[in-house]
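[1] Below is the sequence, then the predicted model.
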Amino acid sequence: MTNLSTFVKRLRDIMRNDAGINGDAQRIEQIAWMLFLKVYDAKEQDWEFDEEDYTSIIPETCRWSNWAHDETGKGMTGDKLLGFVNNTLFPTLKRLPVDATTPIKKAIVQTTFADANNYMKDGVLLRQVVNIIDELDLGDYEESHAFGEIYESILKELQSAGSAGEFYTPRAVTDFMAKMIKPKIGESMADFACGTGGFMVSWLKQLKPQVRTTEDQAAFAGSVYGIEKKQFPYMLCVTNMLLHDLDVPQVYHDNSLLKDVLDYTEDDQFDVILMNPPYGGSEKADVKNHFPDDLASSETADLFMSVIMYRLKEGGRAAVVLPDGFLFGTDNAKINIKKKLLSEFNLHTVIRMPGSVFSPYTSITTNILFFDRTGPTEETWFYRLDMPEGYKHFSKTKPMKPEHFAPAEELWEARPDMEVDGFFKAKKFTARQLTEDLGYNLDQCGYPHEEEEILAPLDLIQRYQEERASLNAEIDRVLAEITQKLGGAEL
């Protein structure tokens, strides 16, 4: 059995000596494509056993067990191995024949390698890395299960791998959201910017205990659906799903914002949506054309909120991570999105999270919005999740843990109003209060800013831009009201 506890460290130590690997992000990407091929090879061996007529989409010379597995110690190494990987393996996998009729479990190989890269330049070191990965016995149930945990640690490293952190939502957050959404066998769950697949894994973890029959197992395996725009996290997500025994991962390399939301039908809708949409970025101007004029925004999180609302089934449930800017924003698009949310959906809970949950990727404060499509909002409970005792902030060495959500879970049903030091920590607001009295400002029960908050420069700029846009929109609204009352033309 492989020494899994030192698996990542052994790989890291070898790669540090390779001139082609520049930093953590490249190191993890290098490991990712090799792990995918190793995991896929183990799956293919199962499929060949179960399906009499199974044929691999990968040519024999490019299958992991034929070029990477080296039982005799005489396998390719040095320049020969490097030449094979760069000149045969990658070109072949990138150009695999795939069309609309290709089964998903075969098509994922081509989409996984479409933009993948081999960064290593030393063929001897590459052979050493390949050998360590090949030691994994994924046919052994216990080792395969243990490796699922190791893979989770690899994904966690993304948080400190520069911009790659945007693809990873802390597992404590995804687990809490999946737990409170209460999955049921037979339901479909979607994530339209799925990153490495964290929400899908948390959903499957909650659903697994309900599997009792072969019909349940089939429903379980087909219950998740994901779309990921960027190649690297897409590769990680597909591997993640294969490791969780989803032989046909319904994960697609695509951009969820490039379809007209008005074209979605009931067939495009899901029972549950769990998401942490990208935020702080903006899409190309023509992306707005896929949204009604009143909902068109330049902020990605706003656009995803519209997609979520159009793709949630009647009676469906959603839990979505959004930045503070969405709560307090008063520009036209944000106000209209919140109008739609409160008038057509039941926004029953908003959990305010501490600012460092996503540290070190971003210090922007985030929130979890829980809503369902059962009718308009009547009442929303806001709850501020304070930093646990003994923590100044979360970090890579002191991350958020599932037990930190315990206070919110304990009060979930009772939903009390709570005051701490003269500030509301929890409070229920009626829809009329949120709309008429507060002008769609959902920034309630937030964190009292008694100390100066120091943000990273880019986060500070984003916060400033959000607050400036919100203030300008509020000034325009007030001036328009005054002008109207004076009997003049609206500004």
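    Looks like it arrived, so ask away.

[2] so what does the helix or strand containing residue 173 touch, helix or strand wise?
    Per DSSP states H and E: residue 173 is located in helix 171-181. Secondary-structure packing of helix 171-181 (3 or more CB pairs under 8 Å, 6 or more residues apart in numbering; DSSP states H and E): helix 198-207, strand 270-275, strand 312-323, strand 366-372, helix 406-411. Just so you know, the C-beta spots here come from the backbone N, C-alpha and C atoms, and that holds for glycine as well.

[3] at 10 Å instead, please
    In this structure, helix 171-181 makes packing contacts with helix 141-156, strand 189-191, helix 198-207, strand 270-275, strand 312-323, strand 346-352, strand 366-372, helix 406-411, judged by 3 or more CB pairs under 10 Å, 6 or more residues apart in numbering; DSSP states H and E.

[4] can you state the direction angle for the third one and helix 141-156?
    Just to be clear, that refers to helix 198-207. Compare the direction of helix 198-207 with that of helix 141-156 by axes from the mean of the first three to the mean of the last three CA atoms, to 10 degrees and you get 140 degrees.

[5] Beyond helix 198-207, next helix or strand please.
    Proceeding N to C from helix 198-207, the next assigned helix or strand is helix 214-221, under DSSP H and E.

[6] neighbouring contacts of that next one?
    Residues from elsewhere that reach helix 214-221 (CB atoms under 10 Å, 6 or more residues apart in numbering): 183-188, 203-204, 207-208, 210-211, 213, 241, 244-250.

[7] Could you do stretch 55-63 as well?
    The contact list for stretch 55-63 (CB under 10 Å, 6+ apart) reads 37, 40-41, 44-45, 47-48, 64, 66-69, 84-85, 88-93, 96-98, 102-103, 105-110.

[8] ok so, going back, can I get the helix holding residue 173 as PDB, trimmed to CA atoms?
    What follows is helix 171-181, C-alpha atoms only, in PDB (Å, rounded to 0.1, in the frame of the first residue of the first chain):
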ATOM      1  CA  ARG A 171     -15.100  22.400   2.500                       C
ATOM      2  CA  ALA A 172     -16.600  23.600   5.700                       C
ATOM      3  CA  VAL A 173     -18.700  26.100   3.700                       C
ATOM      4  CA  THR A 174     -19.800  23.600   1.000                       C
ATOM      5  CA  ASP A 175     -20.600  21.000   3.600                       C
ATOM      6  CA  PHE A 176     -22.700  23.400   5.600                       C
ATOM      7  CA  MET A 177     -24.700  24.600   2.600                       C
ATOM      8  CA  ALA A 178     -25.300  21.000   1.400                       C
ATOM      9  CA  LYS A 179     -26.400  20.000   4.900                       C
ATOM     10  CA  MET A 180     -28.900  22.800   5.300                       C
ATOM     11  CA  ILE A 181     -30.300  22.300   1.800                       C
END
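
[9] averaged over its residues, what pLDDT does that helix have?
    Mean pLDDT, taken over the full extent of helix 171-181, equals 96.

[10] how far does that helix sit from the chain's center?
    12 Å (CA atoms, centre = their mean, to the nearest Å).

[11] Name the residues of that helix that are buried.
    Within helix 171-181, the residues scored as buried using 16 or more other CB atoms under 10 Å are 171, 172, 173, 174, 175, 176, 177, 178, 179, 180, 181.

[12] What of stretch 198-207?
    198, 199, 200, 201, 202, 203, 204, 205, 206, 207.

[13] now those residues as TSV including pLDDT?
    What follows is the buried residues of stretch 198-207, written out as TSV (pLDDT from 0 to 100):
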residue	pLDDT
198	92
199	96
200	96
201	94
202	95
203	97
204	95
205	94
206	96
207	96
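
[14] which of these lies closest to residue 446?
    When the buried residues of stretch 198-207 are compared for distance to residue 446 (CB to CB), residue 199 wins out at 25.0 Å.

[15] ok, for that closest one, nearest residue in space, not its chain neighbours?
    If the residues on either side of it in the chain are set aside, residue 199 comes closest to residue 274, at 4.1 Å by CB to CB, 6 or more residues apart in numbering.

[16] and that neighbour, how many neighbours does it have?
    27 (other CB atoms under 10 Å).

[17] Please apply the same query to residue 311.
    Neighbours of residue 311 (other CB under 10 Å): 18.

[18] quick revisit: only whichever of the contacts of stretch 55-63 are buried, select them in ChimeraX.
    Buried members of the contacts of stretch 55-63, defined by 16+ other CB under 10 Å, are picked up in ChimeraX with:
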select :37,40,41,44,64,67,68,84,85,89,90,93,96,98,105,106,107,108,109,110
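
[19] What about the contacts of stretch 55-63, which are in strands?
    The members of these all map outside strands under DSSP state E.

[20] In helices, which of the contacts of stretch 55-63 appear?
    Cross-referencing the contacts of stretch 55-63 against helices under DSSP state H gives 37, 40-41, 44-45, 47-48, 64, 66-67, 84, 90-93, 105-110.

[21] Okay, now the unreliable bits of the stretch 201-350 of the chain?
    The model of the stretch 201-350 of the chain has pLDDT under 70 over residues 281-282.

[22] just checking, residue 64 touches residue 70?
    No: using CB atoms under 10 Å, residue 64 is not in contact with residue 70, being 11.1 Å away.

[23] Need the residues touching each of these two.
    With CB under 10 Å, 6+ apart as the test, residue 64 and residue 70 both reach 130, 134.

[24] picking up where we left off before, by neighbour count, sort out the buried ones in the contacts of helix 214-221.
    Buried subset of those (neighbour count, 16+ other CB under 10 Å): 183, 187-188, 203-204, 207, 211, 241, 244-246, 249-250.

[25] how much distance is there from stretch 63-78 to the middle of the chain?
    35 Å.

[26] how long is that stretch end to end?
    From its first residue to its last, stretch 63-78 covers 19 Å (CA to CA, to the nearest Å).

[27] quick one: residue 286 from residue 255, how far?
    Distance, residue 286 to residue 255, using CB to CB, to the nearest Å: 12 Å.
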